[in-house]
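Colleague: sequence isn't available, so here's the structure alone:
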């Protein structure tokens, strides 16, 4: 899941960069003013910031999923231990019952 999200983010950033480069290549150089270049640069910076935020959120989600998996494994271990103890108690009660029946 994490690889898919990272791959999607990388592809999104690459496609955005490609569109920005292709868009700039179609416009004749002399018609671009300083404000146009600043606007494009600002949009690229915003796209980069959005990608970084998405990456941080994906990493946080991955960490939370890892923690949840560890907790589930611990819970499973505790449940197995409790079942083992319950089985032992059941066997002990059966033995005591049989012993009392023979008396």
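Modeller: Sure thing, it's come through. Since we're looking at a predicted model, the values are computed, not measured.

Colleague: what helix or strand is the residue most central in space within the chain on?
Modeller: Centre of the chain computed as the mean C-alpha position; nearest residue by CA atoms, centre = their mean is residue 62, 3.0 Å away. Counting by DSSP states H and E, the element that carries residue 62 is helix 34-102.

Colleague: and residue 68, how far is that from residue 75?
Modeller: 10 Å (CB to CB, to the nearest Å). Where C-beta positions appear, they are placed from N, C-alpha and C, glycine not excepted.

Colleague: same question for residue 67.
Modeller: For residue 67, the distance to residue 75 - CB to CB - is 13 Å.

Colleague: next: residue 63.
Modeller: Residue 63 is 19 Å from residue 75, by CB to CB.

Colleague: for residue 15, same thing?
Modeller: 42 Å.

Colleague: again with residue 43
Modeller: Residue 43 is 47 Å from residue 75, by CB to CB.

Colleague: same thing with residue 60?
Modeller: Relative to residue 75, and taking CB to CB, residue 60 is found at 22 Å.

Colleague: report how many residues lie close to residue 51.
Modeller: When neighbours are counted by other CB atoms under 10 Å, residue 51 registers 15.

Colleague: SS state for the residue nearest to it when sequence neighbours are not counted?
Modeller: Computed as CB to CB, 6 or more residues apart in numbering, the closest residue to residue 51 that is not its neighbour in sequence is residue 13, at 4.9 Å. Here residue 13 is recorded as helix under DSSP: H, G, I helix; E, B strand; the rest coil.
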